[in-house]
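Asker: Sequence and predicted structure, then a few things I'm wondering about:
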Amino acid sequence: MDGRLVCEIVGAAGSGRRTVKVSGEVDLATAPELEAQVDPVLDGASAGVALDLEALTFIDSSGLRALVALAKDAQSRGVAFSLENVPRHAQRVLELTGLADWFDFSTGG
């Protein structure tokens, strides 16, 4: 992995819950791309959106800001938003910044 961001959307539009599998780094360079790719997914996700972070290799404050912005956007649209398969390094960052309580976590699926 060269650090670039890759997002794979799982679940057809209008099918309810959608999952976005995030691979690579979410940082100053890629956070806007994450938001741009997830934003339209929120429109067609009547049963919610989950970000699967299992393949996330790095996240910085810009990435955290993007996650918060997406969660707020989902909330304003009435769409459930959760994080799943959060790697330990990212979980630690969320805990240290006090943001762990801000998100719903699921185990995947």
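Answerer: That came through fine.
Asker: can you pull the contacts of residue 83?
Answerer: 50, 51, 53, 67, 103, 104, 105, 106 (CB atoms under 8 Å, 6 or more residues apart in numbering). (Each C-beta comes from the backbone N, C-alpha and C, glycine too.)
Asker: rerun that using 7 Å as the cut-off
Answerer: 51, 53, 103, 105 (CB atoms under 7 Å, 6 or more residues apart in numbering).
Asker: what pLDDT, on average, does the top strand by length along the chain get?
Answerer: When the chain is parsed with DSSP state E, its longest strand is strand 49-59. The average pLDDT within strand 49-59 is 96.
Asker: One more: stretch 92-109?
Answerer: 85.
Asker: which outside residues touch that stretch?
Answerer: Contacting residues not belonging to stretch 92-109 are listed as 50, 52, 59, 64, 68, 71, 82, 83, 84, 85, 86 [CB under 7 Å, 6+ apart].
Asker: repeat that for 8 Å
Answerer: So stretch 92-109 is in contact with 50, 52, 54, 59, 64, 67-68, 71, 80-86, 91, going by CB under 8 Å, 6+ apart.
Asker: ditto for stretch 63-76
Answerer: Taking CB under 8 Å, 6+ apart as the rule, stretch 63-76 contacts 25-27, 30-32, 34-35, 38-39, 42, 48-49, 51, 59, 80-81, 83, 93-94, 97, 99, 102-103.
Asker: PyMOL command for the buried members of those residues?
Answerer: Selecting only the buried entries of the contacts of stretch 63-76 in PyMOL, with 16 or more other CB atoms under 10 Å as the criterion:
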select buried, resi 25+26+27+30+31+34+35+38+42+48+49+51+59+81+83+93+94+103
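Asker: Mind checking which of the contacts of stretch 63-76 are in strands?
Answerer: Using DSSP E, the contacts of stretch 63-76 in strands are 25, 26, 49, 51, 59, 81, 83.
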